[in-house]
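Trainee: Predicted model and sequence follow; I will ask about them next.
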Amino acid sequence: MSKVTPEQIDALLPQIQCGLCGHGGCMPYAEAIIFENAPINLCPPGGITTLHALGQLLAQDPGPYEAEIAQKTRPPMRAFIREDECIGCTKCIQACPVDAILGSAKHMHTIISQECTGCELCVPPCPVDCIDMITLPEESPDEVEKKKNGFRKRFNQRQQRLSEENKAKKAGQASLSLSKKQAYVQAAITRAKAKKRR
């Protein structure tokens with residue numbers, strides 16, 4: 001087990017990035033399996049196929065989990081925004097783990113259909129309930145693998161962007177704080193000089 005890496009596990013996961021496993025995405029779940037002994041039956045979108053693949057990789061018997069996963073398995077899906085009902089609140093954009101929603105504040109939003117993982121994370125935040133989940137036909141293994149790679153790339157790009165934005169925000173706050181201190185000191189010096197002139 002110690003020889004298996006999170007990257008190997010992540011490669012078997014469907015990259016829906018839905019968080020149904022209780023972790024923040026597929027890679028966090030893969031890391032939890034390695035470092036926290038998380039069970040292999042926490043991925044409903046992956047279904048029986050992913051369960052068996054994880055069992056084989058980790059030398060664990062998937063048998064005890066099969067019935068549960070079979071009940072929880074769901075078909076591939078894609079989100080669809082009823083655009084004439086959208087109020088442009090941007091809450092769905094903030095929730096999307098792969099930046100598959102386009103729009104700006106107070107303007108209509110739309111889904112980039114080929115980039116949507118079907119994670120459903122955009123549905124609960126929508127205050128006007130204008131997002132539908134559409135069931136998709138089953139795809140070939142090659143199509144699934146191609147999509148997985150694209151979803152993983154977009155998820156990682158979003159994580160990097162959010163990290164950079166967070167760093168910039170903190171740096172901006174630190175800079176603003178420094179500017180306020182400098183302004184305070186400069187004002188104090190100006191007052192002191194003014195008193196001396198009197």
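Mentor: On my side now, so go ahead.
Trainee: Identify the structural domains in this protein and state their residue ranges.
Mentor: 6-72, 77-135, 139-198 (automatic domain parsing).
Trainee: all helices of this protein, in order?
Mentor: Using DSSP state H, the helices of the chain run over 6-12, 26-35, 47-58, 66-72, 91-95, 141-197.
Trainee: relative orientation of the second one and helix 47-58 in degrees?
Mentor: Helix 26-35 and helix 47-58 are oriented at 40 degrees to each other (axes from the mean of the first three to the mean of the last three C-alpha atoms, to 10 degrees).
Trainee: Next, count neighbours for the closest residue to residue 52 other than its chain neighbours.
Mentor: With sequence-adjacent residues excluded and distances taken as C-beta to C-beta, 6 or more residues apart in numbering, residue 52 is closest to residue 62, at 5.3 Å. The C-beta positions use only the backbone N, C-alpha and C, and glycine is treated the same way. Using other C-beta atoms under 10 Å, residue 62 is surrounded by 18 other residues.
Trainee: which residues sit in contact with residue 62?
Mentor: 40, 41, 51, 52, 54, 55 (C-beta atoms under 8 Å, 6 or more residues apart in numbering).
Trainee: can you name the two of the residues you listed that are farthest apart?
Mentor: 41 and 52 (11.1 Å; C-beta to C-beta).
Trainee: With neighbour count added, can I get the contacts of residue 62 in TSV?
Mentor: Shown next, in TSV, are these (neighbours: other C-beta atoms under 10 Å):
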residue	neighbour count
40	23
41	20
51	25
52	18
54	25
55	17
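Trainee: Adding pLDDT and distance to residue 148 as columns, could you present those in JSON lines?
Mentor: Formatted as JSON lines, these follow (pLDDT from 0 to 100; distance: C-beta to C-beta, whole Å):
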{"residue": "40", "pLDDT": "97", "distance to residue 148": "18"}
{"residue": "41", "pLDDT": "96", "distance to residue 148": "20"}
{"residue": "51", "pLDDT": "97", "distance to residue 148": "16"}
{"residue": "52", "pLDDT": "97", "distance to residue 148": "17"}
{"residue": "54", "pLDDT": "97", "distance to residue 148": "15"}
{"residue": "55", "pLDDT": "96", "distance to residue 148": "19"}
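Trainee: I'd like to know which of the residues you listed is nearest to residue 150.
Mentor: Of the contacts of residue 62, the one sitting nearest to residue 150 (C-beta to C-beta) turns out to be residue 54, at 21.6 Å.
Trainee: Distance of that closest one relative to residue 19?
Mentor: Noted for residue 54: a distance of 18 Å to residue 19, by C-beta to C-beta, to the nearest Å.
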